[in-house]
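Engineer: Turn this into a model:
(3 chains, ligands or ions: 2)
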Amino acid sequence: MVNKITIENLKAVYEGVLALNGVNLDIRQNEILGIIGPSRSGKTTLLKVLNRMIDFVPRSRVEGKILFDNLNIYTDIRLLALRRKIGMVYALPLPLPMSIFDNVAYGPRLHGTKSKSVLSDIVEKCLKASYLWDEVKDRLDSQAFQLSGGQQQRLCISRTLAVEPEVILYDEPCSGLDPISTAKVEDAMRELKEKYTQVLVTNNTKQAARVSDRTAFFLMGELVEVDNTKKIFTGPSDERTNDYITGKFG
Amino acid sequence: MGNAKLTQKIVFFLLGVATVMVIIPVILIFALILVNGLQAISLEFIFSTPKAGMTQGGIFPAIVGTLYLVLGTAAFSLPLGILAAIYLTEYASDNWLTRLIDIAIINLAGVPSIVFGLFGVALFVILLNFGTSILSGSLTLSIMTLPVIITASKEALNSVPKSFREVSYSLGASRWQTVRNVVLPNAIPGIMTGTILGLSRAAGETAPILFTVAAFYLPRLPRTVYDQAMALPYHIYVLSTQVPNVPVKIQYGTVLVLIVIVFFMNISAAYIRAKFRKKKQW
Amino acid sequence: MIKKFFESLIEKAIFISGITAIAIVVLIFIFLLKESVYFFLNNNLAEILFGMDWYPISEPPKFGFLPLILGSVLVTVGAIVIAVPVGLAAAIYISEVAPGWFKEILKTGIELLAAIPSIVLGFVGIVVLAPFIRNLFNLPSGLTAFAGSIMLAFMAMPTIVSIIEDAINSVPKSYREGSLALGATHLQTIRRVILPAASSGIMAAVMLGIGRVIGETMAVLMVTGNAAIMPTSILQPVRTLTATIAAEMGEVIQGSMHYYALFGIGFVLFVITFFINLAADMFLHRKKS
Ligand SMILES: Nc1ncnc2c1ncn2[C@@H]1O[C@H](COP(=O)(O)OP(=O)(O)OP(=O)(O)O)[C@@H](O)[C@H]1O
Ligand SMILES: [Mg+2]
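Structural biologist: Ligands and ions are numbered 1, 2, ... in the order given. Got it, this is the predicted structure:
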């Protein structure tokens, strides 16, 4: 198995708060890595470090080494290129205030694609990949806000796909969605496995059990354990993991 | 209990009376200016120069001068103010320099307009040797208008949700790309509203132009930015205090024209704001 | 490549604009100081600040600021005494009492007032207010400190009303509901709960009102009668700091002591408004935290 991302001894500090403390974790090519853990255990922070959105947090500090395809993300890769390669889907659906088409085309346009026909192809491909195409193909020009929450979230996935990332990070992508929309988003993730490496942060342990190949359990900024999903949910080696997945705390 | 209710009734009534006492004069002032001013308004009044020691003729040069000054002010204060607002909201990190700039702007907003006039004389008229000219006047008015434009633009920029920026950055956009594609399009209406209001204030100001540009009387229109110009607010001052025996009609007419210009700008600003509110979905 | 260049160019422009904003304030300060320092150094400071005569063109000239300062103070106090109670009443009425449609009308009225240029109000002061005051008090002229105070009270009204209104509206709903639930009347709630909670906003409004009034020039110049003498009554013509600059800058010989004296007045005004604004800002921020 090839490691897509290698995290070594990662520490992340916000003003006065130690959010991640000595995390060592590999993320493998084409897997879906589930990340679970109680609130404030540092899950979101991990994602923010990976695509360096944490740079925007004033007075935050990151220590340790993160390799992406064996390149250090802080020294060997240009920031904007890194963000293209590691895409992010947020907890709330966050469409930009523009049309469905423009939302998906936003990234490619940034990176210099101008031709209308090329853009159309990208939009169609990405909307298909997130299972949204059939629902919106007749109204690509209407405002993204007019879509339902579930549709908006899949639109956000398409938008992320459109910049051709290699890794997609999801931060509780289904927290605001009904079960049917959730199922559709999960289907999309499974479908995307073939081409992408995905990291799924979720508060819903059942979701991790359903879609992820491996699952990592975080607690108070530390990685407690990471293993095959099946193992984590049937016989975790750490007591605390067991407590968490059986609902004893969190 | 009945007593408390009665007291409340009486007090509320008195509050209402006080409020109406503020509003009624406003209405009366408008009625007065409209009724008297309309008697002066004619094509000739608008399009001819003052004659016979300003006791006859029109106010064309003053109208043109005011328009030039508004344009000149816009030319300086718009780019400078909007860019400064973008710097403050999108680029500057939260440090002492930013806070200093913020304080500076708050302070600039409170400086009396006549002090801007003095500054304009010292810097533009004398030191930079622009003389009393449209250039000096516009620059002086620009500096006075700047805080209004910066404050309004900052507010408009800040009202664009943070999440839009975050999404844009996470797709690999640079700062400027994010500003250009996501922030500005959604802030433009607010920026325009504030800007127009700032300019409308500049159109009506007298003190800053008193010694930097305003001419008592000019037989011809200004040709270059180094020329002096007449301006409506100063012309009102001249007509009502400096020249004897100007028919009241002409005075009211001049006031009416200034009011119409200023209110036209205010109403456009309100229109843009209302229209955008309706369209906004976030 | 060209795009990159454009991008870095515009980002430089953005940065420079931000810096310019602060540079301007510094420049204003420097210029006022530079032009007035000569005046303050070459005259006895006590004579300036406490001198009772402002005869800038007599021989020898006398540059006592006191009549001007007192003129400003008199007119300002008069205006604030009128504007604050009325403005407070209006703000309470508009935000708490007036029914929806009436509220909109009143708010529009206040906005209209804010948009009227001061020169227009000065004009109205001359043609309407001054004759009225002359007849009312049987004076030789209606152009008095009193006329100035009324005009300025009127001009400060939009500032005062809108800031107090904001302050009242930002009092948390729960305060009001708590009080009403205890059986207090609406009026009692306003007096005991809402106004105390809005007090720093009200103070900020008073401060900004004062700042607005002290800095106002044209309307005052036109309606206060313009006599640079020690004021003894509010029914007398006076001359404010701002009006003095406006009235005399036009005739002054550049480089003369009189010229520098006017910058000295400007400097004093700058300093006064600086502290007033700082105070207002402090009150506004206290409200937030
Ligand atoms: N911008 C920030 N500034 C300061 N502290 C922060 C910031 N963001 C997060 N933290 C702190 O860092 C810690 C980890 O937060 P993080 O958001 O990574 O947790 P999480 O596991 O994603 O929690 P949740 O499940 O609630 O989303 C928390 O203690 C949080 O308070
Ligand atoms: Mg989180």
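
Engineer: which residues of chain A fall in strands?
Structural biologist: With DSSP state E, the ranges of strands along chain A come out as A:3-14, A:17-28, A:32-36, A:61-68, A:71-72, A:86-89, A:167-171, A:197-201, A:214-219, A:222-228.

Engineer: thought residue C:227 was touching residue C:238?
Structural biologist: Yes - in this structure, residue C:227 is within contact of residue C:238 by CB atoms under 8 Å, at 6.5 Å. For the C-beta atoms, the positions are set from N, CA and C on the backbone; glycine is no exception.

Engineer: Compare those two (neighbour count), which wins?
Structural biologist: The neighbour comparison of residue C:227 against residue C:238 (other CB atoms under 10 Å in any protein chain shown) goes to residue C:238, with 31 against 17.

Engineer: And for that one, nearest residue in space, chain neighbours not counted?
Structural biologist: residue C:71 (3.8 Å; CB to CB, 6 or more residues apart in numbering or on different chains).

Engineer: What does the residue of chain C at minimum distance from chain A show for phi and psi?
Structural biologist: Closest contact between chain C and chain A, by CB to the nearest CB, is at residue C:3 (8.4 Å). Residue C:3 adopts backbone torsions of phi -60, psi -40, taken as degrees, to the nearest 10.

Engineer: Where does the prediction get shaky in chain A?
Structural biologist: A:249-250 (pLDDT under 70).

Engineer: how about 50 then?
Structural biologist: Chain A contains no residues with pLDDT under 50.

Engineer: For chain A, which segments count as helices?
Structural biologist: A:43-50, A:79-85, A:100-110, A:116-129, A:133-136, A:149-161, A:179-192, A:205-211, A:229-234, A:239-245 (DSSP state H).

Engineer: helices or strands up against the fifth one?
Structural biologist: Where contact means 3 or more CB pairs under 8 Å, 6 or more residues apart in numbering or on different chains; DSSP states H and E, helix A:133-136 is packed against helix A:116-129, helix A:149-161.

Engineer: closest to residue B:87 out of the helices of chain A?
Structural biologist: The closest of those to residue B:87 is helix A:79-85. By CB to CB, the value is 20.6 Å.

Engineer: List the buried residues of the helix or strand of chain C with the lowest mean pLDDT.
Structural biologist: Of all helical and strand segments in chain C, the minimum by mean pLDDT, DSSP states H and E falls on helix C:45-50, at a mean of 78. Along helix C:45-50, these residues count as buried under the neighbour rule (16 or more other CB atoms under 10 Å in any protein chain shown): residue C:48.

Engineer: same check, this time on stretch B:129-145
Structural biologist: B:130, B:132-145.

Engineer: the longest helix in chain B is where?
Structural biologist: helix B:2-40.

Engineer: Who are the packing partners of the very next helix or strand once past that one?
Structural biologist: The element immediately downstream of helix B:2-40 (helix or strand, assigned by DSSP states H and E) is helix B:43-47. When contacts are defined as 3+ CB pairs under 8 Å, 6+ apart, helix B:43-47 sits against helix B:60-86, helix B:248-279.

Engineer: So for residue B:16, which of these sits nearest?
Structural biologist: Between the helices and strands packed on helix B:43-47, helix B:248-279 lies closest to residue B:16; by CB to CB that is 25.4 Å.

Engineer: Can you give me the buried ones in the closest one?
Structural biologist: B:250-259, B:261-262, B:265-266, B:269, B:272-273, B:276.

Engineer: how far does that helix sit from the chain's center?
Structural biologist: 11 Å (CA atoms, centre = their mean, to the nearest Å).

Engineer: How about stretch C:21-35?
Structural biologist: Distance, centroid of stretch C:21-35 to centroid of chain: 21 Å (CA atoms, centre = their mean).

Engineer: Is chain B within reach of it?
Structural biologist: Yes - for stretch C:21-35, a contact with chain B is found by CB under 8 Å from any CB of the partner chain, at C:21-22, C:24-28, C:31-32, C:34-35.
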